[in-house]
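*Asks:* Sequence first, predicted model second:
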2 protein chains.
Amino acid sequence: MTLLDASLSISEAAERTGLSTHTLRYYEREGLMLGGVDRASSSHRRYSDADITWVTFLTKLRSTAMPIAKVREYVDLVRQGDASTPARLALLLAHRETVLAQLAEINNSLAAIDYKISTYRKGN
Amino acid sequence: MTLLDASLSISEAAERTGLSTHTLRYYEREGLMLGGVDRASSSHRRYSDADITWVTFLTKLRSTAMPIAKVREYVDLVRQGDASTPARLALLLAHRETVLAQLAEINNSLAAIDYKISTYRKGN
DNA sequence: GTTTGACTTAGAGTGCGCTCTAAGTTCTAG
DNA sequence: CTAGAACTTAGAGCGCACTCTAAGTCAAAC
């Protein structure tokens, strides 16, 4: 098996993505990897650049509170090939709206917190 | 018992705060109410304006991902009276930093999602 | 070649924040 | 006065996203 490509062990992949090895395996079990992750020596995982790129994007979806189930929907669309591009676009646009709503709510709450901070600074 | 004050039943309080009655009772059990909630007829809860104001602020803390345990810390400080004002200020300022970090991360992820959206629009 | 540590699996366990249930009590409308 | 809705409690249950465990296999260094 050539290791000349940029493939990584699971612990290296964990380090590069900021996830734990447990979480990487969990995501794979949950069907969140686009294709199967390659195996070296027919057992240890080898993460390709494409795998890392995908996991990185996946963490962007997760960090904007996309549920695992919706990530899986997206993955299923990707697996269906080019024909699903409009559906993927629609899914991401819908998610974008929920992210904007999140941001609005957090900013709104932050304003209330800042107001309270200002009252404490003034000495109540 | 006078009902001339603006006190609300738990279902009215739920409606005004956007929480469920279950959640309002849960918060109370968890020690997140500043004082005990008044009781009418020695059993049913009556929420005062101050209670509603507090619950509203509490939801701002929660919607910015402050854990229940930290909200309780804040509540405990409030119960200690004016002497705890500096500690409360410090707690809120620290939380403010985590909120700013949250916002930065979400915005960063949103940029990646927007980029992906743009590739789908261009036809990959 | 053997040790040490990283890897494998299936499945159990955890922490958080609710959410619901059951059995009983109280309020309100007619 | 009575029916039905809303309330009470203590405690069990749930959904999500991990996180860990156990028992075993594999690999890199000596």
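*Replies:* Received it, and whenever you're ready, just let me know what you need.
*Asks:* In chain A, what residue comes closest to DNA strand D?
*Replies:* A:Ser41 (2.3 Å; C-beta to the nearest atom of the strand). C-beta: built from backbone N, CA, C; applies to glycine.
*Asks:* Show the pLDDT at that residue.
*Replies:* At A:Ser41, the predicted lDDT confidence score is 76.
*Asks:* Could you measure from it over to DNA strand C?
*Replies:* 9 Å (C-beta to the nearest atom of the strand, to the nearest Å).
*Asks:* Quick check: phi and psi at that residue.
*Replies:* phi 50, psi 30 (degrees, to the nearest 10).
*Asks:* tally of neighbours for it?
*Replies:* A:Ser41 has 7 neighbours, counted by other C-beta atoms under 10 Å in any protein chain shown.
*Asks:* what does the one 5 residues further on give?
*Replies:* Neighbour count of A:Arg46, defined by other C-beta under 10 Å: 20.
*Asks:* Could you look up the SS state of it?
*Replies:* Classification of A:Arg46 by DSSP: H, G, I helix; E, B strand; the rest coil places it in strand.
*Asks:* nearest spatial neighbour of it, skipping sequence neighbours?
*Replies:* Sequence neighbours aside, A:Ser7 is the residue nearest to A:Arg46 in space, at 4.0 Å (criterion: C-beta to C-beta, 6 or more residues apart in numbering or on different chains).
*Asks:* The one you found touches A:Ala50, doesn't it?
*Replies:* No: using C-beta atoms under 8 Å, A:Ser7 is not in contact with A:Ala50, being 10.2 Å away.
*Asks:* who's more crowded, these two?
*Replies:* Neighbours per residue (other C-beta under 10 Å) separate A:Ser7 from A:Ala50, with A:Ser7 holding more: 20 against 11.
*Asks:* Torsion angles phi and psi at the more buried one?
*Replies:* phi -70, psi 150.
*Asks:* And it, what's its pLDDT?
*Replies:* In this model, A:Ser7 carries a pLDDT of 89.
*Asks:* list the buried ones in the one helix or strand A:Ala69 maps to?
*Replies:* Following DSSP states H and E, one finds A:Ala69 within helix A:68-79. Going by neighbour count (16 or more other C-beta atoms under 10 Å in any protein chain shown), the buried part of helix A:68-79 is A:71, A:74-75, A:77-78.
*Asks:* quick one: it near DNA strand D?
*Replies:* Yes: using C-beta under 7 Å from any atom of the strand, helix A:68-79 reaches DNA strand D at A:68-69.
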